[in-house]
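Participant: sequence and predicted structure, then a few things I'm wondering about:
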Amino acid sequence: MVFSLTRLLILLAFCMLLYMPSDAQTSQPDYSVVNYNSDNALPQNSINDMDFDSNGFLWLATEMGMIRFDGQHFREYTMGNSPALYTNRCALVKSRKGKILIEPGYSYHHILTVTNDYQIKDDSILSANPYQVNRWSCCLFYYDNIFKKWGRDSTAFKGLFHRLDLNGDLVTANERQAYVRKDSSFYYLNDNAAEVRLLKETEGHAFKMLFMVDDVCCYLDRQNRFYAYRQGRLQKSITLSDRLMKIFSQAESGAYPSQYTVKALRDARHSFLIYKGNILLLNIRNGVLDFEVLAANTAIKNINVLIYDEVYRTLYVGTATNGLYILRKYAFDRLFFASDNYAINSMYAQVEISPGRILTSSGVLSRNNAVNKPTPGLYDRPALLRSSDGYIWYSNYDSLKRIDTGLRKPVTLQRLGSWLMAITETGNKDILIGGLHDLFRRRGNDITFLLNMSEDIQVINEMFPNDLWIGTSGGLYSYDLTKGVIRRLSLQNASVRALYKAGDGSIWVGTYGQGFYKYVNGRFLKMPIDPGNNLATIHCFMEDRLGYFWLPTNKGLYRVAKKELDSYAAGSRENIFYYYFDKSVGYSTNEFNGGCMPCGIVLQNGHFSLPSLDGLVQFRPDSIPVELPTSPVFIDRIIPEEKKVLPGDHFKQRQDSGPLVFMISSPYFGNPANLHIEYQIPQLDNKWRPVNSDGRLVLTGLRKGEYTLIIRKQEHYGHYAYNRISWTVLPYWFETIWFLLLVAVVSISILFFIFLFLYTREVRRAAQLEQKVAERTEALTASNLVKEKMIAVILHDLRSPLRFLHIMAEYIYENYQKATRPEMTDMLLKFRNATHDLNDFTQDFLTWTNAQKEGFVIRRERIALRDTVAGIVSLYEPAATIRNNNLLNLVPPDLILISDLNILKLIIRNLADNANKYTVNGEIKIEAVQVANSVIITITDNGKSMDKEIVAGILNDTYQADNSNHGLGYRIIRELLARIDGKLAIDQPGDTGNRITLSFTTDNE
């Protein structure tokens, strides 16, 4: 007990050292900010005006052309790729009934429009009317009826209509009604009735501000007197709120709107004030002009234009110097402790102890506190429970404890031996407690040990009465609380960390890294996961009232319709639409935490609360704006080098004209992870492939034929938006029909000549073949004759060794009893050596014979001459001994010859045998030498010399001899030498004897 207390004190001291709370919680903005400028894809930073078209594209008028933005990619329209733009300086862009109108170059009368296939062209009808005004923050205003009535009088209304289109103090109520200031007078213009009305209430007042709110014109003079007009009539019932009056009283105005400290702007449905970095939305409620703060304390400067999307609470801000800003109101709240220690705000188990107050391992978090200070070390992370009797169950280090919701009277109940890992209350009010490996039950005041498991216990849940499911690090188990029997269910290798029984009774299982499952009729059906594999790890299942699951993961939060998962489990194979939220919606990290009980909870006010790596993430699920990608999908064929877009109708493309480049776009300003665009080309295959994130699709290597590119975008479950474009890849000139017909005609024309040519050639080939057959027959006969002669020579060479063996065997037979032991030993040794050499000789002969079965073939190889001659000397040495001859091997040891070994050995054997036959009491020397590129082998004896006539006949191949004479052997030797590129020479070394010289040309190194 002392040891445990010591460890507890050490742990508490460590936690206190880590805990260094901040004095105050820094005020955080309640919106996300994304800035597009020339550093990150926006072509130019000066945005003069912007508006959305009917398909959802955002059009930006810049100093370097028009920009079309789909939420991901910018498409440029400049003088280089759009001839209708006579200047890149674009001033105004307006959406009129969904159609984009553009005024380039501050012309005020030259109107351009955007066609349905997104080409820019002149609008001659709109441009033809000179009596129009198009100003920032206003709609188009036409005053042709007024001009007809008053315009001819240049003095009317102090010259109001002289260049009315250049008057900067004009605001429009609609296309036919406007308010305008001229000098110190203020007028209402109604073109429908050709009416010009002086608003006398402001006559002579020093002007300060003029703006529209809905259909009400607001006029403020320098004495901060406020006037509101509707249909040109003063609305005395409309007043300013005190806080708005305070802002206006601090406002200063200069010569130009950019110098105003308070700036009024408007989009098609809203009016705004820009004041000291704050963006305010103006509104009139109950006769009071007031404001709502859209974005406070922004760092955005030089704002030219604003557009507000109420549905998705998104603000689009165009600036003169810093490009485009997109501000999105946070939909999620983050509840956290004022501490710089990351461990303090790394949340796990949580329970709500009273409305808005959440108990965590780091202490109590309250939505009502401006600053939450932690109290770490009292509550372990993995598990907390608020039981039906109102008590809070938790563990502190290794002890199970219980405390009241006021957190005043903790009671130690049981030592667990480990942290509390899982805890739940059964239907009969028992408390089931899971340690790391042990399971306990508390019934009344008694705690009973139930079982021990080898795997780590991670989650427990009573799925059916008395049927406890246990999720472990090694699979899922079912434990019968009545019988005390445990059985494995499934998912043997899965780390099960989430068990949930939905409102309809269906059971769902989440794992760490192995996906999530639905339990159906005893089977666990794995659900499909997202392309990024983030849903492989599910921390918990949170079911809202609208039928959606909210799934926190290590990489963000997903929302999916439960009916889609049910449909998939029933056999449907439609792609499930997982809607993704990342930290841009209000939380500070995408990594949610799990492996705790409970993971996510539903608060009393209906909010969900999820633990993350940096605080609790809380939100009301049925009020979260879900921006589905429902805009159409578009295909642009482009020339990348020129940034030029080509017409999208059916077109023709040459095979050698380079790659086809398409830009696929669909306006979507939500999270890009929720935009799923795929393409298919049926002529190639039927697979759907994802379009790259940059929207670019490059096709190369297309052969001739008709092609169709089909693009589909998933809008929601089972519903897609499609678009397609078709084209023809033209054949090469040699693949055209006329060329093929020409080839056919020419081919038929020359077939006859080819036939005649082939016939003549075949006749000639038949004759040549017959001649070749005869030649090959003759060559084969000659080859067989050579082989027969070689066999004859080889058999001839065998006679001497065999004769020696016969003589030796006869001698041994006659003298083995009377010969001395040394003599007998010597004779037997010679006999053994002779038989060994003879055996080697016959083996070589057999090998050579097998190699020549298909015909006589020369096989060249590297021959070590000394070793080869040594074998021959060993074979004939016994025969030489009988004739008292000395057979010498004088070949240098390093001499190499490339030739046919068997033929060379046959030649040297035959010459050595002849020398031994005609020499008695003499000496036979076999020598070799390399001279330049030649190897010369000589066999010299001092026996009887050959007749000169025989030598001459042998050398000139005229000598005729029978088989009993050595002349036959020389004839065969000459034939074989010729086949291995050798030459033969015969002369006398002295007065007697013979010297046979064999010469070979070699490339030996």
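Facilitator: Noted; the coordinates are in hand.

Participant: and the helices in the stretch 251-400 of the chain?
Facilitator: For the stretch 251-400 of the chain, applying DSSP state H, counting those that start in this stretch gives helices covering 342-345.

Participant: where does it dip in pLDDT?
Facilitator: 253-260 (pLDDT under 70).

Participant: can we see that at 50?
Facilitator: In the prediction, the stretch 251-400 of the chain carries no residues with pLDDT under 50.

Participant: what do you get for the stretch 751-900 of the chain?
Facilitator: By pLDDT under 50, the stretch 751-900 of the chain contains no weakly predicted segment.

Participant: apply 80 and report the result again.
Facilitator: 775-821, 823-857 (pLDDT under 80).

Participant: so where do the strands sit in it?
Facilitator: For the stretch 751-900 of the chain, applying DSSP state E, counting those that start in this stretch gives strands covering 860-864, 886-890, 896-900.

Participant: mind listing what A809 touches?
Facilitator: Residues near A809 by Cβ atoms under 8 Å, 6 or more residues apart in numbering: F831. Where you see a C-beta, it was placed from the backbone N, CA and C, and this is true even at glycine.

Participant: now do V180
Facilitator: Counting by Cβ under 8 Å, 6+ apart, V180 has contacts L160, L164, N167, D169, L170, V171, F186, Y187, L189.

Participant: P672 versus the residue nearest in space to the middle of the chain, what's the distance?
Facilitator: Centrality entry for the chain: nearest residue to the mean C-alpha point is N692, 9.5 Å, by Cα atoms, centre = their mean. Using Cβ to Cβ, to the nearest Å, we find N692 at a distance of 12 Å from P672.

Participant: ok, Y548 next?
Facilitator: 21 Å.

Participant: who has more neighbours, the two?
Facilitator: Taking other Cβ atoms under 10 Å, Y548 and P672 do not tie; Y548 has more neighbours (21 against 13).

Participant: got the contact list for that one?
Facilitator: Here Y548 is in contact with R559, V560, A561, K562, P621 (criterion: Cβ under 8 Å, 6+ apart).

Participant: if we can go back for a sec, tell me the most buried of the strands of the stretch 751-900 of the chain?
Facilitator: strand 896-900 (a mean of 19; mean count of other Cβ atoms under 10 Å).

Participant: that strand pairs with which strands, parallel or anti?
Facilitator: Strand pairing for strand 896-900, determined by DSSP bridges: strand 860-864 (antiparallel).

Participant: how's the protein carved up into domains?
Facilitator: Per automatic domain parsing, the structural domains of the chain span 31-128+299-330, 333-623, 634-735, 779-1001.

Participant: okay, the ones you listed in TSV with distance to F291 next?
Facilitator: Formatted as TSV, these follow (distance: least, Cβ to Cβ, whole Å):
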stretch	distance to F291
domain 31-128+299-330	13
domain 333-623	23
domain 634-735	25
domain 779-1001	103
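
Participant: quick one: closest of those domains to N134.
Facilitator: domain 31-128+299-330 (5.4 Å; Cβ to Cβ).

Participant: the closest one: end-to-end distance?
Facilitator: End-to-end distance for domain 31-128+299-330: 5 Å, by Cα to Cα, to the nearest Å.

Participant: how far is that domain from where the chain is centred?
Facilitator: Domain 31-128+299-330 has its C-alpha centroid displaced from the chain centroid by 33 Å (Cα atoms, centre = their mean, to the nearest Å).

Participant: also stretch 456-472?
Facilitator: How far stretch 456-472 lies from its chain's middle: 39 Å, per Cα atoms, centre = their mean.

Participant: buried ones in it?
Facilitator: D456, I457, Q458, V459, I460, N461, E462, L468, W469, I470, G471, T472 (16 or more other Cβ atoms under 10 Å).

Participant: residues near the residue nearest to M946 when sequence neighbours are not counted, how many?
Facilitator: Using Cβ to Cβ, 6 or more residues apart in numbering and skipping residues adjacent in sequence, the residue nearest M946 is N994, 5.6 Å away. Neighbour count of N994, defined by other Cβ under 10 Å: 23.

Participant: tell me who's in contact with N994.
Facilitator: A915, Y918, T940, D941, G943, S945, M946, I986, D987, Q988.

Participant: can you tell me which of those are in strands?
Facilitator: T940, D941, I986, D987 (DSSP state E).

Participant: between those residues, which is nearest R909?
Facilitator: Distances from R909 to the ones in strands among the contacts of N994, taken by Cβ to Cβ, are shortest for D941, at 14.6 Å.

Participant: contacts only, for the closest one.
Facilitator: N885, A915, N916, Y918, T919, G922, E923, I924, K925, G993, N994.

Participant: if we go to 6 Å?
Facilitator: Contact analysis of D941 by Cβ atoms under 6 Å, 6 or more residues apart in numbering lists A915, T919, I924, G993, N994.

Participant: do the same with W59
Facilitator: Counting by Cβ under 6 Å, 6+ apart, W59 touches D51, R68, V93, I100.

Participant: before we move on, the earlier item: for the contacts of D941, pick the one with the most neighbours.
Facilitator: A915 (27 neighbours).

Participant: now do L646, the pLDDT please.
Facilitator: On pLDDT, L646 comes in at 74.

Participant: derive a ChimeraX selection command for the buried subset of the ones in strands among the contacts of N994.
Facilitator: The buried subset of the ones in strands among the contacts of N994, as determined by 16+ other Cβ under 10 Å, is captured in ChimeraX by this line:
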select :940,941,986
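
Participant: please, where are all the helices along the chain?
Facilitator: Secondary structure of the chain (DSSP state H): helices at 2-18, 124-127, 144-150, 242-250, 342-345, 562-569, 737-815, 821-851, 865-882, 901-917, 948-955, 966-979.

Participant: off-centre distance for the longest one?
Facilitator: When distances are taken as Cα atoms, centre = their mean, helix 737-815 is centred 62 Å away from the chain's centroid.

Participant: isn't L140 right next to N129, touching?
Facilitator: No: L140 is beyond contact range of N129, at 9.7 Å (criterion: Cβ atoms under 6 Å).

Participant: tell me which of those two has more neighbours.
Facilitator: L140 (20 against 13).

Participant: ok, that one to D169 distance?
Facilitator: For L140, the distance to D169 - Cβ to Cβ - is 17 Å.

Participant: now for the nearest residue to Y330 once chain neighbours are set aside, how many residues are close by?
Facilitator: Nearest non-adjacent residue to Y330, counting by Cβ to Cβ, 6+ apart: G586, 3.3 Å away. When neighbours are counted by other Cβ under 10 Å, G586 registers 20.

Participant: I'd assumed K329 was in contact with G586.
Facilitator: No: under the criterion of Cβ under 6 Å, G586 is not in contact with K329, lying 8.7 Å apart.

Participant: in stretch 409-422, which residues are buried?
Facilitator: For stretch 409-422, by 16+ other Cβ under 10 Å, it's P410, L413, Q414, L416, S418, W419, L420, M421, A422.
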